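Q: Just to be clear, the model below is a prediction. Sequence and coordinates:
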Amino acid sequence: MPPAHLQSYAKRAERHSNPAAKELLETIERKRSNLCVSIDVTKQADFLRIIDIVGPYICLVKTHVDIIEDFEPTVIDRLKELSERDDFLIFEDRKFADIGNTVALQYSSGVYKIASWSHITNAHPVPGPSVIAGLSSVGLPLGRGLLLLAEMSTKGNLATGSYTEQAVQMARAHRDFVVGFIAQHRMDGVAASDKGVADDEDFLILTPGVGLHSRGDSMGQQYRTPQEVVLESGCDVIIVGRGIYGKGNEVDAEYVQGQAEIYQKEGWAAYEERISAAE
Ligand code: S5P
């Protein structure tokens, strides 16, 4: 059997048992989109407007709900409506990083009640397996999935080498709930001598730091193109933020729609080229 990243999303969906991972792969295939739009804006009207525009082009929307300064619970109701209308999943990029008991409460409770609406969330592996135990106690019964941050896109980040290896080993020990990684490359060969490696290992790789028109920002972000990320590094989903919604204060609907279309096409073309290599 070829390695997972040389197989189609549809084939891979058949083998995943975590409901969030399965649904994400099925959605990618159905919509021919491996594009996740990341929306870091501060007003609920802009947040919902951008999602309303990009919905048809994406498989997943990535949120940071705590950035929205006029947040009300109705934002989540509308987000869920849009996710059903346009057929995409929701990923709250919460980057949990505390002891199990605390993250379980942060995930289930508080103002946002993330577990009740976000199909996928993520965590830093820094606390060790405790963070997975806490989050899975809430998320697994709800059919949610978790991504571990095995690598980061920023200059000088510390998620490299043995830290990345240990993140992968932690994920292998919790494959029911940990469905993949936020990373810059596939993790297949990482810690390959680990006893936990399964023959059918297929972690999803979701990759931020994607842009076509810029190589970075003034705060250490680094961008690569969809071609570099999907074809050369074997990643599964491109996460694009400012490359799609721009940097201005106003939402320019035409621009946003045009960019979403371009990134969807680029991401899909890179995937088709990748799997054609295996045929
Ligand atoms: O390593 C990372 C991990 C994440 S989740 N680098 C990142 O940039 N992110 C997130 O991706 C970040 O929090 C932001 O929401 C998004 C990138 O946004 P952009 O505007 O630079 O595309």
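A: The structure has been received and is ready for your questions.
Q: neighbours of Gln227, just the number please.
A: Gln227: 16 surrounding residues under other Cβ atoms under 10 Å. C-beta coordinates here come from the backbone N, C-alpha and C atoms, glycine included.
Q: On the three-state scheme, Glu84 is what?
A: When classified by DSSP: H, G, I helix; E, B strand; the rest coil, Glu84 comes out as helix.
Q: Can you give me the distance of it to the ligand?
A: Distance of Glu84 to the ligand, given as Cβ to the nearest ligand atom, to the nearest Å: 23 Å.
Q: cool, Glu151 as well?
A: 7 Å.
Q: A strand includes that residue, no?
A: No: counting by three-state DSSP, Glu151 is not part of a strand but coil.
Q: what about the nearest residue to it once chain neighbours are set aside, how many neighbours?
A: Spatially, and ignoring its direct neighbours in sequence, Glu151 is nearest to Ala183 (4.2 Å; Cβ to Cβ, 6 or more residues apart in numbering). By the measure other Cβ under 10 Å, the count of residues near Ala183 is 27.
Q: OK, contacts around Ala183?
A: Shown in contact with Ala183 (Cβ atoms under 8 Å, 6 or more residues apart in numbering): Leu149, Ala150, Glu151, Thr164, Ile205, Leu206, Thr207, Cys235.
Q: in the stretch 101-250 of the chain, what residue is nearest the ligand?
A: The ligand sits closest to Gly241 of the stretch 101-250 of the chain, with a gap of 2.6 Å, by Cβ to the nearest ligand atom.
Q: Give me the pLDDT for that residue.
A: In this model, Gly241 is scored at 98, pLDDT.
Q: Now it: phi and psi?
A: For Gly241, the backbone dihedrals (degrees, to the nearest 10) come out as phi -110, psi -100.
Q: ok, now the one 3 residues further on?
A: Geometry field for Ile244 lists phi and psi as phi -100, psi -50, criterion degrees, to the nearest 10.
Q: right, and it touches Cys36 too?
A: No: in this structure Ile244 lies outside contact range of Cys36 using Cβ atoms under 8 Å: 10.2 Å.
Q: Would you agree the residue of the stretch 101-250 of the chain closest to the ligand is in contact with Leu35?
A: No: counting by Cβ under 8 Å, Gly241 stays clear of Leu35, with 11.6 Å between them.
Q: Which one's more surrounded, the two?
A: Applying other Cβ under 10 Å to Gly241 and Leu35 shows that Leu35 carries more neighbours, namely 29 against 20.
Q: what sits against the more buried one?
A: Applying Cβ under 8 Å, 6+ apart to Leu35 gives the contacts Tyr57, Ile58, Cys59, Leu60, Val237, Ile238, Val240, Ala260, Tyr263, Gln264, Gly267.
Q: Turn those residues into a markdown table, including neighbour count.
A: Formatted as a markdown table, these follow (neighbours: other Cβ atoms under 10 Å):
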| residue | neighbour count |
| --- | --- |
| Tyr57 | 24 |
| Ile58 | 29 |
| Cys59 | 27 |
| Leu60 | 23 |
| Val237 | 30 |
| Ile238 | 29 |
| Val240 | 29 |
| Ala260 | 24 |
| Tyr263 | 27 |
| Gln264 | 25 |
| Gly267 | 31 |
